[in-house]
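**Q** sequence first, then the predicted structure, then my questions.
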Amino acid sequence: GTHGTAKTLHGLNRAIRRGLENTKIQALLTAIAMNLKKSAIATFLIHRTPAGRCARWTPLPAT
């Protein structure tokens, strides 16, 4: 899950600085980094589709 990814891949298993406020800052920056990474991957995948950007936003047919 998200917590496991943050701990294993983004160094959130141990706080770099002491104090609750510094730990909160580290967790926030880790979350920002994870979201930026996810956004970059999604953007890359959109541009790799044959139809370009529109391919991702094509509505599903009505059932």
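**A** Cool, got the structure.
**Q** report the buried residues of whichever helix in the chain runs longest.
**A** In the chain, assigned by DSSP state H, the helix with the most residues is helix 20-48. The neighbour-count check on helix 20-48 (16 or more other C-beta atoms under 10 Å) flags 26, 30, 34 as buried. (Glycine included, C-beta is placed from N, CA and C.)
**Q** for the strand or helix carrying A6, name the packing helices and strands.
**A** Secondary structure here is read from DSSP states H and E; on that basis A6 sits in helix 2-9. Packing partners of helix 2-9 (3 or more C-beta pairs under 8 Å, 6 or more residues apart in numbering; DSSP states H and E): helix 20-48.
**Q** before we move on, back to that, pull out the buried residues from the helix holding A6.
**A** The neighbour-count check on helix 2-9 (16+ other C-beta under 10 Å) flags A6 as buried.
**Q** could you look up the SS state of P61?
**A** Put simply, P61 is coil when judged by DSSP: H, G, I helix; E, B strand; the rest coil.
**Q** how confident was the prediction at it?
**A** P61 is assigned a predicted lDDT (pLDDT) of 71.
**Q** residue closest to the middle of the protein?
**A** N35 (2.7 Å; C-alpha atoms, centre = their mean).
**Q** where in this structure is pLDDT low?
**A** 46-60, 63 (pLDDT under 70).
**Q** distance of L20 relative to T5?
**A** Remark: distance between L20 and T5 (C-beta to C-beta, to the nearest Å) = 23 Å.
**Q** hey, C-alpha coordinates of stretch 21-35 in PDB?
**A** Output for stretch 21-35, consisting of C-alpha atoms alone and laid out as PDB, is shown next (Å, rounded to 0.1, in the frame of the first residue of the first chain):
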ATOM      1  CA  GLU A  21       6.800  19.200  13.400                       C
ATOM      2  CA  ASN A  22       9.900  18.000  11.400                       C
ATOM      3  CA  THR A  23       8.400  14.500  11.100                       C
ATOM      4  CA  LYS A  24       5.200  16.000   9.700                       C
ATOM      5  CA  ILE A  25       7.200  18.100   7.200                       C
ATOM      6  CA  GLN A  26       9.100  15.000   6.100                       C
ATOM      7  CA  ALA A  27       5.800  13.000   5.700                       C
ATOM      8  CA  LEU A  28       4.300  15.900   3.700                       C
ATOM      9  CA  LEU A  29       7.300  16.200   1.400                       C
ATOM     10  CA  THR A  30       7.300  12.400   0.900                       C
ATOM     11  CA  ALA A  31       3.600  12.500  -0.100                       C
ATOM     12  CA  ILE A  32       4.300  15.300  -2.500                       C
ATOM     13  CA  ALA A  33       7.200  13.400  -4.100                       C
ATOM     14  CA  MET A  34       5.000  10.300  -4.400                       C
ATOM     15  CA  ASN A  35       2.200  12.300  -6.100                       C
END
